[in-house]
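1. I would like the atomic coordinates for the input below:
(2 chains)
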2 protein chains.
Amino acid sequence: MAAEPPRRATIVEVGPRDGLQNEREPIATEHKRRFIEMLVAAGLTDIEVTSFVHPSRVPQLADASELIASLPRLGAIRYSALVPNEKGLERAVESGISRIAVFTAASETFTQRNIGMTIAQSLEVFRDVVRRATSGGLTVRGYVSACFVCPYEGPVAPQRVCEVTEALLAMGVDEVAISDTIGAAVPTDVSRTVGALLQNVTPDRIALHLHDTYGTALANVCAGLELGIATFDASAGGLGGCPFAPGAAGNLATEDLVYLLERMGIATGVDLDKLIEASAYIRGVLGRELSSRNLRRLRPMPAP
Amino acid sequence: MAAEPPRRATIVEVGPRDGLQNEREPIATEHKRRFIEMLVAAGLTDIEVTSFVHPSRVPQLADASELIASLPRLGAIRYSALVPNEKGLERAVESGISRIAVFTAASETFTQRNIGMTIAQSLEVFRDVVRRATSGGLTVRGYVSACFVCPYEGPVAPQRVCEVTEALLAMGVDEVAISDTIGAAVPTDVSRTVGALLQNVTPDRIALHLHDTYGTALANVCAGLELGIATFDASAGGLGGCPFAPGAAGNLATEDLVYLLERMGIATGVDLDKLIEASAYIRGVLGRELSSRNLRRLRPMPAP
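-> The predicted model follows:
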């Protein structure tokens, strides 16, 4: 199963969406715009900036269209937004964004609780969304949540992950983010599940979306690298998790990922110092320390 | 170079020494004793409890003899203490402890700044210490600091690590802790340096002593496991680092190590819940949150 580790990796920055959707108070659009500009200045080229989930469900991202309209259009930058259904797709198309992401899960209970559908129903919904999106010239990413451990069902069978991933790819999704939603995975889980996936799917179609709840995210990245995976999601500063549940963890911090990859000789195109500027900026807006080890180490939060 | 990962790992708990020596205010002996008792109750069998470095250099551990005298004597538990020289050895022998640790480094500049000697001089000093200790029935562990990146010299050549490690083993040290003192290593560093070591040394003589400055410690553990290394140092709660330099990182947190290993099917003999009890106790004594991801997640610090 071992492949040559990649020489170059792509980081999909999800902090503006997966991070900021978990904040108690909505952040002003202007702060989001500035944050994203700083992420672009740091060299990030794939940025999930917001979500078209109904504003009543995620009021933190209710300004999705306004935010997208405010972003600098740069040819090299792929902005994307989460889309839950046809209605969300309409809003996404109107906003002018050129890439969307759809999402389901590998666990039946998780899918029910998260989006109120069975996995099969969610795939049915997304089949239409993806067809309309791609025929309109948009590209589509897919997320599969709870690929390793489900908070309701426990360990998730690799076969479930394969079925859902292959279904998404078959409908026209160009990349699937295999997601450790609760951050419970360890490297042997990644080797087993991603190894199973790579029986039928090439590694360039797979990204790893890791949370760092128990500190295993970078070890899991390494397990992915050994299988030839070269795309990883991360969140500047380690944004994410729920500020009301202390200890609830955010995404793998982009700084920590960049540090690891660059020191291992895998190019990311990201300037760590400029990335830390961006994280320090959003930390200042949020007014609390973030979980990124590199941020805390290299730019400790000033005392109040 | 790849070996079968071990089925069982040994954790050397260094929190009472490597952690508490960095606290601004000395901790009362009674708190240290209670902390160590709780670590034992959690199943830890190898615990570095204190140091016989001169009390003027590390006043936090000036109570070394008193602490050792207060500890429960249990046959299955190996307590150890750091010893810098003959004078320290005398105090250690008087204290009744049965295992000591000596320490040098793989970087000349680091050794000079840390202990005011050349590497060769330090090996000369320790040759006598180890001979006297082993002939008196004590066992001796060795530390080699700055094995991957030196804060003064930058990257450290594996050959330097091999030379110093082999010199320590030749003088009667039974295990050498290959130390990432500033926590800057990444898995490729571990593979390279430990791989070079294993040309001439069996894996049971090697431990990895990792700090988690940039979040890479668990990924480095996995690189060690792949080479057959089965002994890892860690510090309950992730104690360590300097509280005056926010962001300065402590040791790899024992909880995070236990979580990773147990979930990967590698037995540690440690009860994670009881370990978290111990870490929560010492956190309460210190009055500040610690860096362990598992501790923060599973037992958030109560609001003041």
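
2. Can you pull the residues of chain A lying near chain B?
-> Contact residues (CB under 8 Å from any CB of the partner chain) of chain A with chain B: A:184, A:186-189, A:212-219, A:221-223, A:245-249, A:253, A:256, A:259-260, A:263-265, A:292-294, A:296-301. Any C-beta I mention is one placed from the backbone N, CA and C, and that applies to glycine too.

3. Would you mind listing the buried residues in the longest helix along chain A?
-> For chain A, the longest helix by residue count, based on DSSP state H, is helix A:119-135. By neighbour count on 16 or more other CB atoms under 10 Å in any protein chain shown, the buried set for helix A:119-135 is A:I119, A:S122, A:L123, A:V125, A:F126, A:R127, A:V129, A:V130, A:A133, A:T134.

4. What's the separation between A:T118 and A:E108?
-> Plainly put, A:T118 is 6 Å away from A:E108 if you go by CB to CB, to the nearest Å.

5. next one: A:E124
-> According to CB to CB, A:E124 stands 15 Å off from A:E108.

6. go on, A:T231?
-> According to CB to CB, A:T231 stands 27 Å off from A:E108.

7. Looking at those two, which one has more neighbours?
-> Shown here are A:T231 and A:E108; by other CB atoms under 10 Å in any protein chain shown, A:T231 has more neighbours (21 against 16).

8. circling back: just want the angle from the helix or strand following the longest helix of chain A to helix A:119-135.
-> Sequence order places strand A:139-145 as the next helix or strand after helix A:119-135, per DSSP states H and E. Computed by axes from the mean of the first three to the mean of the last three CA atoms, to 10 degrees, the angle separating strand A:139-145 from helix A:119-135 equals 160 degrees.

9. got the contact list for whichever helix or strand comes after strand A:139-145?
-> Helices and strands here follow DSSP H and E; after strand A:139-145, the next one along the chain is strand A:149-150. For strand A:149-150, the external contacting residues (CB atoms under 8 Å, 6 or more residues apart in numbering or on different chains) are A:A105, A:A106, A:S107, A:T109, A:F110, A:P155, A:V156, A:D180, A:I182, A:A184, A:A185, A:D189.

10. out of those residues, which are inside strands?
-> Within these, residues falling in strands by DSSP state E are A:A105, A:P155, A:D180.

11. Please enumerate the helices of chain A.
-> Using DSSP H, the helices found in chain A span residues A:29-41, A:64-70, A:86-95, A:108-115, A:119-135, A:158-170, A:187-197, A:217-226, A:254-263, A:272-286, A:293-298.

12. Quick check: phi and psi on A:E25?
-> Taking degrees, to the nearest 10, you get phi -100, psi 130 for the backbone angles of A:E25.

13. ugh, wrong one, I meant A:L71
-> Dihedral angles (degrees, to the nearest 10) for A:L71: phi -80, psi 140.

14. For stretch A:157-174, which residues meet the burial criterion?
-> Buried residues in stretch A:157-174, counting neighbours by 16+ other CB under 10 Å, are found at A:P158, A:R160, A:V161, A:C162, A:V164, A:T165, A:A167, A:L168, A:L169, A:M171, A:G172, A:V173.

15. and what of stretch A:179-189?
-> Within stretch A:179-189, the residues that qualify as buried are A:S179, A:D180, A:T181, A:I182, A:G183, A:A184, A:A185, A:V186, A:P187, A:T188, A:D189, counting by 16+ other CB under 10 Å.

16. Turn the residues you listed into a markdown table, columns for pLDDT.
-> Listed next are these as a markdown table, based on pLDDT from 0 to 100:
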| residue | pLDDT |
| --- | --- |
| A:S179 | 97 |
| A:D180 | 95 |
| A:T181 | 92 |
| A:I182 | 92 |
| A:G183 | 94 |
| A:A184 | 95 |
| A:A185 | 97 |
| A:V186 | 98 |
| A:P187 | 98 |
| A:T188 | 98 |
| A:D189 | 98 |
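
17. Output those in TSV; the columns should cover distance to B:L39.
-> Listed next are the buried residues of stretch A:179-189 as TSV, based on distance: CB to CB, whole Å:
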residue	distance to B:L39
A:S179	35
A:D180	30
A:T181	33
A:I182	28
A:G183	26
A:A184	25
A:A185	27
A:V186	23
A:P187	26
A:T188	27
A:D189	28
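
18. Of those, just say which sits nearest to B:G75.
-> In terms of CB to CB, no member of those lies closer to B:G75 than A:V186, at 32.9 Å.

19. mind listing what that closest one touches?
-> Listed by CB under 8 Å, 6+ apart, the contact set of A:V186 reads A:T216, A:A219, A:N220, B:Y259, B:L260, B:R263, B:M264.

20. okay, the fifth one: pLDDT?
-> Right, B:L260. Per-residue pLDDT puts B:L260 at 98.

21. Using neighbour counts, trim the residues of chain A next to chain B to the buried set.
-> Buried members of the residues of chain A next to chain B, counted by 16+ other CB under 10 Å: A:184, A:186-189, A:212-219, A:221-223, A:247-249, A:253, A:256, A:259-260, A:263-264, A:292-294, A:296-299, A:301.

22. Local confidence estimate at the closest residue to A:Y259 other than its chain neighbours?
-> Spatial nearest neighbour of A:Y259, chain neighbours left out: B:Y214 (4.9 Å); criterion: CB to CB, 6 or more residues apart in numbering or on different chains. Turning to B:Y214, the model gives it a pLDDT of 95.
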